[in-house]
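Asker: Predicted structure and sequence below. I'll ask about it afterward.
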Amino acid sequence: MAAAAHKEEVIGKLNVRVVRGSNLIIADPLTHTSDPYVVLCYGSQKVKTSVQKKNSNPVWNEVLQLSVTNPTKPVKLEVFDEDKFTADDSMGIAELNVIDIYDAAKLDLKHVSDGARIKTIYPVGVNYLGAESHVSWKNGKVIQDITLKLTKVDSGLIVLQLEWVHVPGVTM
């Protein structure tokens, strides 16, 4: 019974569309290429994209889903270069905040025009944004478009689109 008390309740799901990367670093100096993939971590959850061979401007357009338990906890993102015979190399890290899309998902948006912008987040201070991020109401869904600037490397951006998915029976 005590173990159940520590289990965090899922308040919603976050579909993270990993759209593309641009100007990623060259991780393999021998071939002057990289074989990048993206890993998202949220709490104990870990999901990843496919590997894009020999590409510093990869297009994934893959949707990864995370169960959200705490909207103030960020999603950690890391790009790796796949290596056959050695450990995969890090190609940069970033974090994305869940709170902005969560706050928008709590609003009653039934009467809002399709495509309406709900919130704009600016790339200032300590966030990882590489451009303005917009939370919008599109096709009856709360969507956030994000461009993240990778850190701990010289260059690299990752473009994402978040979608909040309501969980039946959960009141926000």
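Answerer: Good, I have the coordinates.

Asker: Give the rounded mean pLDDT of the helix or strand containing Val16.
Answerer: Val16 is part of strand 12-22 when elements are defined by DSSP states H and E. Across strand 12-22, pLDDT averages out at 98.

Asker: now for that strand, which elements pack on it?
Answerer: With contacts taken as 3 or more CB pairs under 8 Å, 6 or more residues apart in numbering; DSSP states H and E, strand 12-22 sits against strand 36-42, strand 59-68, strand 75-81, helix 99-105, strand 157-165. For every residue, glycine as well, the C-beta is placed using N, CA and C.

Asker: Please repeat the previous calculation with a cut-off of 7 Å.
Answerer: The helices and strands touching strand 12-22, judged by 3 or more CB pairs under 7 Å, 6 or more residues apart in numbering; DSSP states H and E, are strand 36-42, strand 59-68, strand 157-165.

Asker: got a list of contacts for the shortest one?
Answerer: For strand 36-42, contacts defined as CB atoms under 7 Å, 6 or more residues apart in numbering pick out 16, 18, 21, 24, 46-52, 55, 58, 60, 64, 66, 73, 75-82, 91, 158.

Asker: try 8 Å this time
Answerer: Residues from elsewhere that reach strand 36-42 (CB atoms under 8 Å, 6 or more residues apart in numbering): 14, 16, 18, 21, 24, 27, 46-52, 55-56, 58, 60, 64, 66-68, 73, 75-82, 91, 158.

Asker: same deal with stretch 101-114?
Answerer: 11-12, 14, 68, 71, 118-119, 135, 137-140, 142, 144, 162, 164, 166, 172.

Asker: again, 6 Å this time
Answerer: By CB atoms under 6 Å, 6 or more residues apart in numbering, the surrounding residues in contact with stretch 101-114 are Pro71, Ile118, Val135, Trp137, Val142, Gln144, Leu162, Trp164, Met172.

Asker: Repeat that for stretch 23-32.
Answerer: The set of residues external to stretch 23-32 that reach it, using CB under 6 Å, 6+ apart, is Ser34, Pro36, Ser56, Asp81, Asp89, Met91, Val153, Ser155, Gly156.
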